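S.K.: sequence unknown, structure follows:
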């Protein structure tokens, strides 16, 4: 019960997450067994479905793009000591920004239109996140509760806007009309993916965003200030850093990153604004950031893993009888539980196993 | 007068029925947070409760085993939360989110695997549900103007769980404010080191808080599936767990004020349902989303200190580390 035992770095960074992931998958397999399925076949379908073919990899990368954006969003806020649970709502509002530009400025040349649409999404996501940031910095609200509430406010607002205002005239389903052809991000079929695979240029954007976050947060004075605020607000105040401004800016950056989901989904795949396109990626982003230790490189790897789980899980539900597609949600939840809340469960065991080797 | 009653009584009755699951879950959150454990997982625990209740009631044809199963399922998840937050000192918010996501995936998976009806459970017959109770003397009072109808269809005519939820408000207030256990529980949430110094286990108190919360969430879930509804549907809690969280905060972590907040949210919901599709002069179709968003907006406004001040238990959300 005393201070956590010191373990080699690779144990905390690689072995422990891997074991926790294995535990989550083991429980999933157990559940498949309980519901009358074959766990072996299910896990094989999961692996084949996620990385077993070029197109499977394409889908995995497509899902991973969403998770990289929300993972980066959560990670940036976390570096500033903020727990942003609102990436889901920020991505949703980002979709509004993307759609408003794509629907209203379609006369522009494609490159400019895409740049404006991306900027519009980022601006809306940033604004939606900056409000809870401002409330925390200047009014002392708790960021966790405020961002939870903002997710629901975003959902209500978007349902109202899509159903009553933005809906395509004469349409029965709650979605806008299709964006102009100029407003679609190029697919990555040059890499050998089938044209139907939705992986698109947003993947490259996510990689650039990860690099940008790393440079900004780890290689600039501003980023240093952000991390000081996150690790020790007292030191930040003593050093004359305006803590409130950092909090608001960090949240705005976080929201802008979350809006990347809207870029990938709306400009890259759906080509229209529709209800619920954020599909829980904002929450998965929490797990991605946790597993990636809130570092851009880790986030990219974790996003890849979660992308593979999502795509593989969907294939598993399709291939294996008695396994419904909802099992993907269950796997994600279990991974969050084991890598997040129960993340240190196996530490004492590992410490005991590894102790003689190090002595 | 009769016309006013015709409109008012159904709305007020609906208010009471819609407020009940919120009240049960908000009281659950109250016990957990007063003990120092933040519970974002109310939603998930209610959802497994709803599924367990509906599934068990459908199989046994009886509602009481359903409630027991709901409480058991909710407690199972609650103990995972407690183990992660108290024993392992993990992040309470992450654990709560994980529980919500697991509950959503687990219930949908099991519902499809066991019942195969597109993720629902079979519609429950009357015996497997909580039915409105007729209070004694309702017939005798039926002829009394106004009061007779209020007695028959507002005070009476509710399911047993509605009365249970209302009864739990004074009970919770008494337990928290007037018993030794309540004092210690609150101390574990305000100043755990003092509890420890007095030789009382902080961990045990916090486990107790989470356990009470789990029992209440289970009942709340059972209410949604077997009293309000007649079976389980995918994600049928639909944000009530988060609204309950909001009600707990707006209620200032106090049972009486939580009751008032839940009744207000219930009323908003009842009015929104009533006005669905109504056309307002000058505005057009009534924006139901505006009323649905109101609880969340009120919580944000309160937390920002624009009306009153929300002061949570001081040590809530912080793992307790014995030696420093």
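M.R.: Great, that's in hand. Quick caveat: nothing in here was measured; it's all calculated off a predicted structure.
S.K.: Quick check: what element follows the helix or strand harbouring residue A:283 along the chain?
M.R.: Using DSSP states H and E, residue A:283 falls within helix A:281-291. Next helix or strand after helix A:281-291 toward the C-terminus (DSSP H and E): helix A:296-319.
S.K.: Check which element follows that next one along the chain.
M.R.: Assigned by DSSP H and E, the successor of helix A:296-319 is helix A:327-336.
S.K.: any idea how far the helix or strand just after that following helix is from the chain center?
M.R.: For helix A:327-336, the following helix or strand on the C-terminal side (DSSP H and E) is helix A:347-358. Between the centre of helix A:347-358 and the centre of its chain there are 33 Å (CA atoms, centre = their mean, to the nearest Å).
S.K.: buried stuff in helix A:347-358?
M.R.: A:347, A:350 (16 or more other CB atoms under 10 Å in any protein chain shown). (C-beta placed from N, C-alpha, C; glycine too.)
S.K.: one step back: list of residues touching the helix holding residue A:283?
M.R.: By CB atoms under 8 Å, 6 or more residues apart in numbering or on different chains, the residues outside helix A:281-291 that reach it are A:17, A:66-75, A:78, A:85-91, A:151, A:258, A:261, A:298-299, A:302-303, A:305-306, A:332, A:335-336, A:339-340, A:343, B:94, B:97-98, B:101.
S.K.: Could you figure out how far that helix is turned away from helix A:296-319?
M.R.: Angle of helix A:281-291 versus helix A:296-319, following axes from the mean of the first three to the mean of the last three CA atoms, to 10 degrees, is 130 degrees.
S.K.: quick one: stretch A:143-163 near chain B?
M.R.: Yes - in terms of CB under 8 Å from any CB of the partner chain, part of stretch A:143-163 sits within range of chain B, namely A:144-146, A:148-150, A:152-153, A:156-157, A:159-160.
S.K.: List the buried residues in that stretch.
M.R.: If you call a residue buried by 16+ other CB under 10 Å, then stretch A:143-163 has these buried ones: A:143-163.
S.K.: what's the average pLDDT for stretch B:77-88?
M.R.: Averaged over stretch B:77-88, pLDDT sits at 95.
S.K.: Next, the buried residues of it.
M.R.: For stretch B:77-88, by 16+ other CB under 10 Å, it's B:77-78, B:80-88.
S.K.: Rebuild those residues as a markdown table, extending it with distance to chain A and secondary structure.
M.R.: Below are the buried residues of stretch B:77-88 laid out as a markdown table (distance: CB to the nearest CB, whole Å; DSSP: H, G, I helix; E, B strand; the rest coil):
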| residue | distance to chain A | secondary structure |
| --- | --- | --- |
| B:77 | 10 | helix |
| B:78 | 13 | helix |
| B:80 | 7 | helix |
| B:81 | 8 | helix |
| B:82 | 10 | helix |
| B:83 | 7 | helix |
| B:84 | 4 | helix |
| B:85 | 7 | helix |
| B:86 | 11 | helix |
| B:87 | 9 | helix |
| B:88 | 5 | coil |
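S.K.: Skipping adjacent residues, who's closest to residue B:75 in space?
M.R.: Nearest non-adjacent residue to residue B:75, counting by CB to CB, 6 or more residues apart in numbering or on different chains: residue B:214, 4.3 Å away.
S.K.: what about the one you found, how many residues close to it?
M.R.: By the criterion of other CB atoms under 10 Å in any protein chain shown, residue B:214 has 30 neighbours.
S.K.: ok, now which ones touch it?
M.R.: B:28, B:45, B:71, B:74-75, B:77-79.
S.K.: Next: residue A:134.
M.R.: Residue A:134 sits in contact with residue A:248, where contact means CB under 8 Å, 6+ apart.
S.K.: if I look at residue B:16, how far off is chain A?
M.R.: 23 Å (CB to the nearest CB, to the nearest Å).
S.K.: check which helix or strand covers that residue.
M.R.: Using DSSP H and E, the element containing residue B:16 is helix B:2-34.
S.K.: Skip ahead from that helix and say which helix or strand is next.
M.R.: Going down the chain from helix B:2-34, the next helix or strand is helix B:42-60, by DSSP H and E.
S.K.: Give me the buried stretch members for that next one, please.
M.R.: Residues of helix B:42-60 classed as buried under the neighbour-count rule (16+ other CB under 10 Å) are B:42-59.
S.K.: Point out the other helices and strands that that helix packs with.
M.R.: Counting contacts by 3 or more CB pairs under 8 Å, 6 or more residues apart in numbering or on different chains; DSSP states H and E, helix B:42-60 packs against helix B:2-34, helix B:63-82, helix B:92-115, helix B:202-223, helix B:240-250.
S.K.: Of those, which stretch is the most buried?
M.R.: helix B:240-250 (a mean of 28; mean count of other CB atoms under 10 Å in any protein chain shown).
S.K.: Now look at that one and say if it contacts chain A.
M.R.: Yes - judged by CB under 8 Å from any CB, helix B:240-250 comes into contact with chain A through B:242, B:245-246, B:249.
S.K.: ok, and what's touching stretch B:152-170?
M.R.: Outside of stretch B:152-170, the residues within contact range by CB under 8 Å, 6+ apart are B:9, B:12-13, B:16-17, B:20, B:23-24, B:27, B:130-135, B:138, B:141-142, B:216, B:219, B:222-223, B:227, B:255-256, B:258-259.
S.K.: What parts of the stretch 201-324 of chain B come near chain A?
M.R.: So far as CB under 8 Å from any CB goes, the stretch 201-324 of chain B lies against chain A at B:234, B:239, B:242, B:245-246, B:249, B:285, B:287, B:289-290, B:292-293, B:296-297, B:299-300, B:303-306, B:312, B:322-323.
S.K.: which among those residues end up buried?
M.R.: Buried among those (16+ other CB under 10 Å): B:234, B:239, B:242, B:245-246, B:249, B:287, B:289, B:292-293, B:296-297, B:299-300, B:303-304, B:312.
S.K.: out of those, which are inside helices?
M.R.: B:242, B:245-246, B:249, B:289, B:292-293, B:296-297, B:299-300, B:303 (DSSP state H).
S.K.: nearest spatial neighbour of the residue of the stretch 1-150 of chain A found nearest chain B, skipping sequence neighbours?
M.R.: Nearest residue of the stretch 1-150 of chain A to chain B (CB to the nearest CB) works out as residue A:35 at 3.6 Å. The shortest distance from residue A:35 to any non-neighbouring residue, by CB to CB, 6+ apart, is to residue B:113 (3.6 Å).
S.K.: any idea how far that neighbour lies from residue A:136?
M.R.: Relative to residue A:136, residue B:113 is positioned 43 Å away (CB to CB, to the nearest Å).
S.K.: Same check on residue A:196?
M.R.: Residue A:196 sits at a distance of 43 Å from residue A:136 (criterion: CB to CB).
S.K.: Equivalent analysis for residue A:151, please.
M.R.: Separation of residue A:151 from residue A:136 (CB to CB) stands at 16 Å.
S.K.: need the helix or strand of chain B with the lowest average pLDDT.
M.R.: Ranking every helix and strand in chain B by mean pLDDT, DSSP states H and E puts strand B:284-285 at the bottom, with a mean of 68.
S.K.: which helices and strands sit right next to the one helix or strand residue B:150 maps to?
M.R.: For residue B:150, the host element (DSSP H and E) is helix B:147-150. If you count contacts as 3+ CB pairs under 8 Å, 6+ apart, helix B:147-150 packs onto helix B:2-34, helix B:138-141.
S.K.: now the ones you listed as JSON lines including distance to residue B:202 and mean pLDDT?
M.R.: Formatted as JSON lines, these follow (distance: least, CB to CB, whole Å; pLDDT from 0 to 100):
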{"stretch": "helix B:2-34", "distance to residue B:202": "13", "mean pLDDT": "92"}
{"stretch": "helix B:138-141", "distance to residue B:202": "49", "mean pLDDT": "77"}
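S.K.: Which one of the ones you listed lies nearest to residue B:125?
M.R.: For residue B:125, the closest of those is helix B:2-34, at 20.2 Å, according to CB to CB.
S.K.: Next, the angle helix B:42-60 makes with that closest one.
M.R.: Interaxial angle, helix B:2-34 versus helix B:42-60 (the same axes, to 10 degrees): 110 degrees.
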